[in-house]
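Participant: all I have is the shape, not the residue letters:
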């Protein structure tokens, strides 16, 4: 645009995939353009950037112009209230984790992207129940492939994904285990009775074992340890592992666009039916609850989700995944496209899941939110872990340097290699 001599520059979310250092450089360029008499319009949802770079602010709400104010005469709180149309609390209530326990242990995980290149390269980390693990990184640095690999949607080339299924002192059921599996596990010493005595089922008939299980008198000694590598999403679900995933691609991967909101709710439960007909009573109740609580704008619960706005599609997807009472909840950019009110609603929902001892993984692009919401922050750069830090103690600038560190090193190595090849050609 500069090369073409544009006098009016319109930027739509220009900082979405930039580090703090890159944003600082961009803003410096924009200020120089302003001095040269250029007109600059920035569309953004980051109110701190609005306050930093703009001279005037036009506030829109549901397609209508609400007000235009001088930036020096307003603040973030006033702008947010105008955007939403009511008083809004912009604080993220982050509580300290209570006795976090390992839920997913990732060891030396490598995943290739669809072009056959390493997108995730020898990554190891632990996801704990009762905490929010934020994942930061410049777009395209392996975030998508990492989550899809854990969820069973991408092939894992090497490494392990160890799930600690919280089963200690909980009753065994026939929902995910058949009689043969239960007898085998009992022989391995996996179960005890309500008094703490080990079950081995010696001399008991199948009928007696079935009765004991149905009466909840067969309890697990400890959590189940399961390797999820090479398992499909359906196999993970059949193991009784409650893993929910809000993917980056909402309509092509998360929901079926031509199906109604109710039918999209039924996608998680239709296999549990006892007949050839799908019971839509519970999915409809769930759809109505999500529409009401998340303020989904839709003509009805029978509206195909492809007819909804991007933000409302995201609300439907996030609401469905949280409603399944997961043990692990992975969310990739769950507030992308949402208004500020809905965004803070999602942040509160994630915090509620954390308080229920759910292991929450939050991939975001706004570092301010990541640092305010997360307990620990994993930084990806070039498909590798650049660092795992305490989100309460690290700064945006430090995270930005980690996000850039490996990318800069790889660029330097590529330049070095290119110059070496050029020298050989000259020789």
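Facilitator: In hand now; what should we look at? Predicted, not measured: the structure shown is a model, and the values here were computed from it.

Participant: pretty sure residue 59 belongs to a strand, no?
Facilitator: Yes - looking at residue 59 with DSSP: H, G, I helix; E, B strand; the rest coil, it is inside a strand.

Participant: which ones are touching it?
Facilitator: By C-beta atoms under 8 Å, 6 or more residues apart in numbering, residue 59 lies in contact with 65, 66, 67, 68, 69, 79, 82, 83. For glycine as for every other residue, the C-beta is placed from the backbone atoms N, C-alpha and C.

Participant: just checking, what packs against the helix or strand containing the fifth one?
Facilitator: I take that to be residue 69. For residue 69, the element it lies in under DSSP states H and E is strand 64-70. The contact analysis (3 or more C-beta pairs under 8 Å, 6 or more residues apart in numbering; DSSP states H and E) places strand 64-70 against strand 56-61, helix 76-84.

Participant: could you dump the ones you listed into TSV and include distance to residue 288?
Facilitator: Rendered in TSV, the data for the helices and strands packed on strand 64-70 read as follows (distance: least, C-beta to C-beta, whole Å):
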stretch	distance to residue 288
strand 56-61	26
helix 76-84	23
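
Participant: picking that back up, just give me the closest of the contacts of residue 59 to residue 37.
Facilitator: Nearest to residue 37 out of the contacts of residue 59 is residue 68 (C-beta to C-beta; 20.7 Å).

Participant: ok, that closest one touching residue 57?
Facilitator: Yes - Residue 68 lies in contact with residue 57 (C-beta atoms under 8 Å); the separation is 6.9 Å.

Participant: which one's more surrounded, the two?
Facilitator: Between residue 68 and residue 57, counting by other C-beta atoms under 10 Å, residue 57 is the more crowded of the two (19 against 9).

Participant: so what's the more buried one bridging to?
Facilitator: Beta-bridge partners recorded for residue 57 (DSSP bridges): residue 69.

Participant: got any ranges where the chain has weak pLDDT?
Facilitator: Along the chain, the model assigns pLDDT under 70 to residues 88, 90, 175-176, 269-279, 337, 406-427.

Participant: closest to the centroid, which residue in it?
Facilitator: Nearest residue to the geometric centre of the chain (C-alpha atoms, centre = their mean): residue 331, 1.4 Å.

Participant: returning to that earlier point: what subset of the contacts of residue 59 is buried?
Facilitator: Among the contacts of residue 59, those classed as buried by 16 or more other C-beta atoms under 10 Å are 79, 82, 83.

Participant: contacting residues for the last one?
Facilitator: Residues counted as contacts of residue 83 (C-beta under 8 Å, 6+ apart) are 59, 60, 61, 66, 339, 340, 341.

Participant: show me the strands in the stretch 151-300 of the chain, by range?
Facilitator: Ranges of strands in the stretch 151-300 of the chain, per DSSP state E, counting those that start in this stretch, are 156-165, 191-192, 219-220, 224-227, 243-246.

Participant: right, and those - which one's nearest residue 125?
Facilitator: Nearest of the strands of the stretch 151-300 of the chain to residue 125, taken as C-beta to C-beta: strand 156-165 at 11.2 Å.

Participant: once you drop chain neighbours, what's closest to residue 99?
Facilitator: Nearest residue to residue 99, sequence neighbours excluded (C-beta to C-beta, 6 or more residues apart in numbering): residue 130, at 6.7 Å.

Participant: and that neighbour, how many neighbours?
Facilitator: By the criterion of other C-beta under 10 Å, residue 130 has 21 neighbours.

Participant: surely it meets residue 351?
Facilitator: No - with contact defined as C-beta under 8 Å, residue 130 does not reach residue 351; the gap is 11.2 Å.

Participant: still on that earlier bit, and the residue nearest to residue 99, what are its phi and psi?
Facilitator: Main-chain torsions, residue 130, degrees, to the nearest 10: phi 80, psi 20.

Participant: for residue 25, same thing?
Facilitator: Dihedral angles (degrees, to the nearest 10) for residue 25: phi -70, psi -40.

Participant: rewinding a little: got the buried ones among the contacts of residue 59 as JSON lines, with distance to residue 95 columns?
Facilitator: Shown next, in JSON lines, are the buried ones among the contacts of residue 59 (distance: C-beta to C-beta, whole Å):
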{"residue": "79", "distance to residue 95": "27"}
{"residue": "82", "distance to residue 95": "30"}
{"residue": "83", "distance to residue 95": "27"}
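
Participant: filter the contacts of residue 83 down to the buried ones and hand me the ChimeraX line.
Facilitator: Buried subset of the contacts of residue 83, written as a ChimeraX selection, criterion 16+ other C-beta under 10 Å:
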select :59,339,340
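
Participant: from the contacts of residue 83, pick the one nearest residue 326.
Facilitator: For these, the nearest to residue 326 is residue 341 (24.5 Å; C-beta to C-beta).

Participant: walk me through the domains of this structure.
Facilitator: Structurally, the chain divides into domains by automatic domain parsing as follows: 179-220, 248-324.

Participant: relative to residue 241, which of these is closest?
Facilitator: Residue 241 lies closest to domain 248-324 among the domains of the chain, at 11.3 Å (C-beta to C-beta).

Participant: now that closest one, how far from the chain's geometric center?
Facilitator: Centroid displacement of domain 248-324 relative to its chain, using C-alpha atoms, centre = their mean, to the nearest Å, is 18 Å.

Participant: and it, how far apart are its ends?
Facilitator: Taking C-alpha to C-alpha, to the nearest Å as the measure, domain 248-324 stretches 19 Å from start to finish.
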